[in-house]
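[1] Below: sequence and its predicted model.
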Amino acid sequence: MGVFSRRGLLLAGGGAASLLGLPATARAQSAITLKIGLVVPLSGPSARWGGFASHGAELAMKQINAAGGVGGKPIELLKGDSQGTPVEAVSAARRLISQDGVNVILGDIASSATIALQPVVEEAKVVLLNGASSNPDITYKAGVGGFKYTFRSYPTDELRARVILQYAAEKRGITKYAVLSVDNDYGRGAIAFSKKYLPEFKATILSEDYYKDDETDFRPVLSRIKSLGAQSILMYGLPDTTRLIVRQMLELGLAGKVTLAGNGEFTYPDTIKVAPSVLNGAIEAAAWSPDLASPRSQKFVADYKAAYGTEVPNVHSYTHWEALYLLAAAAKAATGTGPEALRTALEQVDYAGATGRVHFDSHHQAELPMIIYEVEGGKAIEKGAFTAKVNYPT
């Protein structure tokens, strides 16, 4: 079942050199020069999220290089625009590998794009570190699952779905759900995993609906949900659409009657201020949040704001920033120069991140806690961290 706790969230911060997570004796001249290809959507509907990822990675690169790089060698970061699609992601990765000679691909945000990248990097023997895609299939097929060069430093939809259902059942007594999620691999995948764990928490789904990313009128679906008596809307979706839905829930008198649970930036200030009465009680499981009570995380937020003005970092800013530090730590510990050396170093890494220690399981999935937030009084309140292991398909 797992337990909720705050363990691992109050890690010490420090300067850029100490953030690499290695003792001074291990910071010898590295044999590996990190040339990283960042493959994220820089144009198209998901460009906003790719922009956050790009800013986070750029900040880490500048900090690491200012502190002496990796073994005295600067990290090089080159970008490829995936547009959030598998075809463009593969084209960008192939250009970065064949023309620019990168030895790591960092990305993508879209799970479908990351899945398409796996055979490409495997053939090229280039490490793929994914810091944003959450489809569990990525790690089902990684490590001992087949793709030995694929790693993920981000929680999966399966873990998130279980965390949400358990918290909602045990802390809030919620067992009756309506589904309203985005109609893509992420939205449908998250609900599929929710269904896997529903019996464990004696919960049921009363209705199931999915929306396209250009939809704007949710009143008919919300009216039906209201009539069914659902306690909560299970939603894995797009933040901009979440705000539309929240406004329409307020119009239909759903505030205080039906809560949101899942993931769609429910607990972000910009979302809460749209309709605080609707968002009150909303539950979200996050890989990271800008108000996380960790000195390392707080320093990142301050550095990010100093670098990019008023822009508040989102989870992709953080995960791609942390991913570069993780890669730097592995490169410093590597005992050779080839692709297998970096892969082996990642398999063995024990790295102190802002949310807890990072190490990879046999499927190259980082075993990370998820942080539960609930909206109370118009603010997101941290409820603790949840760590659990999922069962891989046999």
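    Received it, and whenever you're ready, just let me know what you need. Numbering: from 1, shown residues only.
[2] Tell me, how many residues neighbour Gln166?
    21 (other CB atoms under 10 Å). For every residue, glycine as well, the C-beta is placed using N, CA and C.
[3] Nearest residue to it in space, please, no chain neighbours.
    Using CB to CB, 6 or more residues apart in numbering and skipping residues adjacent in sequence, the residue nearest Gln166 is Phe201, 6.3 Å away.
[4] Report pLDDT for the residue sitting nearest the centre point of the chain.
    In the chain, the centroid-proximal residue (CA atoms, centre = their mean) is Ala132; its distance is 4.1 Å. In this model, Ala132 is scored at 93, pLDDT.
[5] Touching the host helix or strand of Leu250 from outside, list them.
    Element membership for Leu250, per DSSP states H and E: helix 239-251. The contact list for helix 239-251 (CB atoms under 8 Å, 6 or more residues apart in numbering) reads 180, 182, 211, 213, 215-219, 222, 235, 237, 255, 258, 260, 264-266, 268, 270-271, 274-275, 277-279.
[6] Tell me the buried residues within the residues you listed.
    Neighbour-count burial (16 or more other CB atoms under 10 Å) applied to the contacts of helix 239-251 gives 180, 182, 211, 218, 222, 235, 237, 255, 258, 260, 264-266, 268, 271, 274-275, 278-279.
[7] domains in the chain, as residue ranges please.
    4-155+290-363, 158-286+372-386 (automatic domain parsing).
[8] Lowest average pLDDT across the ones you listed?
    domain 4-155+290-363 - the lowest mean pLDDT of the domains of the chain, at a mean of 88.
[9] In the stretch 101-250 of the chain, what residue spans correspond to strands?
    When assigned using DSSP state E, counting those that start in this stretch, the strands of the stretch 101-250 of the chain occupy the ranges 104-107, 127-130, 150-152, 176-182, 204-211, 232-236.
[10] if I look at Gly378, how far off is Lys195?
    32 Å (CB to CB, to the nearest Å).
[11] ah, wrong one, I meant Gly50
    Distance from Gly50 to Lys195, by CB to CB: 30 Å.
[12] These two: who's more crowded?
    Taking other CB under 10 Å, Gly50 and Lys195 do not tie; Gly50 has more neighbours (28 against 16).
[13] Quick check: that one touching Val39?
    No. Using CB atoms under 8 Å, Gly50 makes no contact with Val39, being 9.2 Å away.
[14] can you list residues touching both of those two?
    Ser82.
[15] that's a strand at Phe373, yeah?
    I think there's a mix-up here, since residue 373 is Tyr and not Phe. Yes. Assessed with DSSP: H, G, I helix; E, B strand; the rest coil, Tyr373 lies in a strand.
[16] wait, what's in contact with it?
    Contact partners of Tyr373, counting by CB under 8 Å, 6+ apart, are Thr267, Ile283, Glu284, Ala285, Ala286, Ser289, Ala380, Ile381, Glu382, Lys383.
[17] okay if I get these as TSV plus secondary structure?
    Converted to TSV, those look like this (three-state DSSP):
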residue	secondary structure
Thr267	coil
Ile283	strand
Glu284	strand
Ala285	strand
Ala286	strand
Ser289	coil
Ala380	strand
Ile381	strand
Glu382	strand
Lys383	strand
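[18] how many neighbours does Ala142 have?
    25.
[19] so what's it bridging to?
    Beta-bridge partners recorded for Ala142 (DSSP bridges): Phe147.
[20] Distance of it relative to Asp350?
    19 Å.
[21] looking at it, Gln166 is touching Ala203, isn't it?
    No. Contact between Gln166 and Ala203 fails when scored by CB under 8 Å: they sit 10.0 Å apart.
[22] Next up, the contacts around the residue nearest to Leu222 when sequence neighbours are not counted.
    Leaving aside its sequence neighbours, Leu222 sits nearest to Leu252 (CB to CB, 6+ apart; 5.4 Å). For Leu252, the contact set (CB under 8 Å, 6+ apart) comprises Arg219, Leu222, Ser223, Lys226.
[23] Could you rerun that using 10 Å?
    Counting by CB atoms under 10 Å, 6 or more residues apart in numbering, Leu252 touches Phe218, Arg219, Leu222, Ser223, Ile225, Lys226, Val258, Val278.
[24] Arg118 contacts Val127, doesn't it?
    Actually, residue 118 is Gln. It isn't Arg. No. In this structure Gln118 lies outside contact range of Val127 using CB atoms under 10 Å: 11.6 Å.
[25] Please convert the contacts of Tyr373 to a markdown table, extending it with distance to Ala341 and neighbour count.
    Below are the contacts of Tyr373 laid out as a markdown table (distance: CB to CB, whole Å; neighbours: other CB atoms under 10 Å):
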| residue | distance to Ala341 | neighbour count |
| --- | --- | --- |
| Thr267 | 41 | 25 |
| Ile283 | 43 | 26 |
| Glu284 | 39 | 27 |
| Ala285 | 35 | 26 |
| Ala286 | 34 | 23 |
| Ser289 | 35 | 21 |
| Ala380 | 42 | 22 |
| Ile381 | 44 | 12 |
| Glu382 | 39 | 17 |
| Lys383 | 41 | 17 |
